[in-house]
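**Student:** fold the stuff below for me.
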Amino acid sequence: MAKSQRIRPIALGLIEHQGHLFVSSGQDRVTGQTFYRCLGGGIDFGETSQAALAREFLEEIQAALKNIEYLTCIDNIFTLNDKPGHELLQLFRCEFVDSKFYQLDQTFELIEGKHRRKAFWIAIARIRSGELNLVPRACLEYVGCR
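**Tutor:** Next comes the predicted model:
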(Lines give C-alpha, C1' and ligand atoms only; values in the text may rest on other atoms or scores of the structure.)
Protein backbone atom coordinates (compact mmCIF):
# COMPACT_ATOMS: atom_id res chain seq x y z
CA MET A 1 0.00 0.00 0.00
CA ALA A 2 1.40 3.39 -0.99
CA LYS A 3 2.00 5.88 1.79
CA SER A 4 -0.58 8.24 0.27
CA GLN A 5 -3.21 5.48 0.60
CA ARG A 6 -2.86 5.15 4.36
CA ILE A 7 -5.09 6.65 7.00
CA ARG A 8 -3.12 9.14 9.09
CA PRO A 9 -4.08 9.39 12.78
CA ILE A 10 -3.84 12.98 14.03
CA ALA A 11 -4.82 15.04 17.08
CA LEU A 12 -5.97 18.66 16.79
CA GLY A 13 -6.55 21.25 19.50
CA LEU A 14 -9.51 23.60 19.29
CA ILE A 15 -8.62 26.76 21.23
CA GLU A 16 -11.06 29.69 21.38
CA HIS A 17 -10.74 33.14 22.91
CA GLN A 18 -13.03 36.15 22.68
CA GLY A 19 -14.80 35.01 19.52
CA HIS A 20 -11.59 33.86 17.82
CA LEU A 21 -10.07 30.48 16.94
CA PHE A 22 -6.33 29.67 17.05
CA VAL A 23 -5.19 28.28 13.68
CA SER A 24 -2.50 28.06 11.04
CA SER A 25 -3.14 28.44 7.33
CA GLY A 26 -2.24 26.49 4.26
CA GLN A 27 -2.87 26.67 0.55
CA ASP A 28 -3.79 24.09 -2.04
CA ARG A 29 -1.16 24.67 -4.74
CA VAL A 30 -3.47 23.32 -7.46
CA THR A 31 -6.68 25.23 -6.67
CA GLY A 32 -5.01 28.23 -5.01
CA GLN A 33 -7.54 27.99 -2.17
CA THR A 34 -6.38 29.11 1.30
CA PHE A 35 -7.60 27.07 4.25
CA TYR A 36 -7.30 27.30 8.03
CA ARG A 37 -6.81 24.47 10.49
CA CYS A 38 -6.46 24.04 14.23
CA LEU A 39 -2.97 23.10 15.37
CA GLY A 40 -1.85 19.58 16.14
CA GLY A 41 -0.29 16.71 14.28
CA GLY A 42 0.41 13.04 13.89
CA ILE A 43 -0.05 10.45 16.60
CA ASP A 44 3.00 8.22 16.94
CA PHE A 45 2.78 4.47 17.53
CA GLY A 46 2.38 3.79 21.26
CA GLU A 47 1.36 7.40 22.00
CA THR A 48 -2.09 8.45 23.15
CA SER A 49 -3.87 11.08 21.09
CA GLN A 50 -3.87 13.47 24.07
CA ALA A 51 -0.11 13.02 24.55
CA ALA A 52 0.41 13.62 20.81
CA LEU A 53 -1.57 16.85 21.00
CA ALA A 54 0.49 18.15 23.92
CA ARG A 55 3.76 17.12 22.21
CA GLU A 56 2.82 18.77 18.91
CA PHE A 57 1.99 22.11 20.57
CA LEU A 58 5.31 22.03 22.45
CA GLU A 59 7.28 21.14 19.31
CA GLU A 60 5.51 23.53 16.95
CA ILE A 61 4.99 26.71 19.01
CA GLN A 62 6.60 25.93 22.39
CA ALA A 63 3.21 26.10 24.12
CA ALA A 64 2.00 23.95 27.00
CA LEU A 65 -1.69 23.04 27.15
CA LYS A 66 -4.16 22.63 30.01
CA ASN A 67 -7.80 21.61 30.43
CA ILE A 68 -7.57 19.19 27.51
CA GLU A 69 -11.04 17.78 26.83
CA TYR A 70 -11.81 15.14 24.22
CA LEU A 71 -14.57 16.20 21.80
CA THR A 72 -14.91 13.72 18.95
CA CYS A 73 -13.30 11.66 16.23
CA ILE A 74 -13.67 12.93 12.65
CA ASP A 75 -13.12 10.84 9.53
CA ASN A 76 -11.51 13.41 7.24
CA ILE A 77 -11.35 12.37 3.58
CA PHE A 78 -10.05 15.15 1.32
CA THR A 79 -8.03 16.16 -1.72
CA LEU A 80 -5.03 18.47 -1.36
CA ASN A 81 -2.74 19.42 -4.24
CA ASP A 82 -4.64 16.94 -6.45
CA LYS A 83 -3.77 14.04 -4.10
CA PRO A 84 -6.29 12.11 -2.00
CA GLY A 85 -5.86 12.15 1.77
CA HIS A 86 -7.52 10.41 4.68
CA GLU A 87 -7.08 11.32 8.35
CA LEU A 88 -8.66 9.92 11.47
CA LEU A 89 -8.76 13.10 13.51
CA GLN A 90 -9.04 13.18 17.31
CA LEU A 91 -10.39 16.63 18.20
CA PHE A 92 -9.78 18.18 21.63
CA ARG A 93 -10.85 21.45 23.22
CA CYS A 94 -7.97 22.91 25.21
CA GLU A 95 -6.38 26.05 26.61
CA PHE A 96 -2.91 27.55 26.71
CA VAL A 97 -1.01 27.54 30.02
CA ASP A 98 0.85 30.75 29.10
CA SER A 99 -1.41 33.80 28.69
CA LYS A 100 0.96 35.33 26.10
CA PHE A 101 -0.68 33.10 23.48
CA TYR A 102 -4.03 34.86 24.01
CA GLN A 103 -2.91 38.12 22.33
CA LEU A 104 -5.34 38.27 19.42
CA ASP A 105 -3.20 40.64 17.34
CA GLN A 106 -0.02 38.51 17.57
CA THR A 107 1.30 35.84 15.26
CA PHE A 108 3.43 33.00 16.58
CA GLU A 109 6.16 31.14 14.74
CA LEU A 110 5.11 27.58 14.00
CA ILE A 111 7.85 25.06 13.24
CA GLU A 112 6.94 21.82 11.44
CA GLY A 113 10.15 19.95 10.74
CA LYS A 114 12.04 22.10 8.20
CA HIS A 115 9.03 24.32 7.47
CA ARG A 116 8.27 27.58 9.27
CA ARG A 117 4.81 29.07 9.21
CA LYS A 118 2.65 31.22 11.45
CA ALA A 119 -0.08 30.45 13.97
CA PHE A 120 -2.63 33.14 14.74
CA TRP A 121 -6.19 33.98 15.74
CA ILE A 122 -9.08 34.35 13.27
CA ALA A 123 -12.59 35.58 13.98
CA ILE A 124 -15.10 32.75 14.27
CA ALA A 125 -17.70 34.97 12.55
CA ARG A 126 -15.50 35.01 9.42
CA ILE A 127 -15.52 31.18 9.40
CA ARG A 128 -19.27 30.93 9.99
CA SER A 129 -19.95 33.45 7.18
CA GLY A 130 -17.97 31.29 4.75
CA GLU A 131 -15.35 34.00 4.20
CA LEU A 132 -12.63 31.77 5.71
CA ASN A 133 -12.40 28.03 5.05
CA LEU A 134 -11.84 25.95 8.21
CA VAL A 135 -10.78 22.36 7.51
CA PRO A 136 -12.06 19.88 8.14
CA ARG A 137 -15.42 21.63 8.04
CA ALA A 138 -16.81 19.17 10.61
CA CYS A 139 -14.72 20.96 13.29
CA LEU A 140 -17.00 23.98 12.99
CA GLU A 141 -19.75 22.02 14.78
CA TYR A 142 -17.64 22.24 17.96
CA VAL A 143 -16.63 25.90 17.68
CA GLY A 144 -18.47 28.25 20.03
CA CYS A 145 -20.12 25.42 21.96
CA ARG A 146 -18.79 26.36 25.38
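**Student:** only C-alpha atoms for contact and neighbour calcs from this point on.
**Tutor:** OK.
**Student:** can you find which helix in this protein contains the most residues?
**Tutor:** Secondary structure of the chain read by DSSP state H shows that its longest helix is helix 49-61.
**Student:** next SSE after it?
**Tutor:** Counting by DSSP states H and E, the next helix or strand C-terminal to helix 49-61 is strand 65-80.
**Student:** which residues in the protein form helices?
**Tutor:** So, for the chain - with DSSP H - the helices run 49-61, 124-128.
**Student:** out of these, deepest packed?
**Tutor:** The highest mean neighbour count among the helices of the chain, using mean count of other Cα atoms under 10 Å, belongs to helix 49-61: a mean of 19.
**Student:** where does the protein dip in pLDDT?
**Tutor:** 1-4, 145-146 (pLDDT under 70).
**Student:** hmm, 90 instead?
**Tutor:** Scanning the chain for pLDDT under 90 picks out the ranges 1-5, 28-30, 32, 76-82, 84-85, 112-115, 144-146.
**Student:** residues in contact with the most centrally placed residue in it?
**Tutor:** The centre of the chain sits closest to residue 38, judged by Cα atoms, centre = their mean, with a distance of 2.1 Å. Counting by Cα atoms under 8 Å, 6 or more residues apart in numbering, residue 38 touches 12-15, 21-24.
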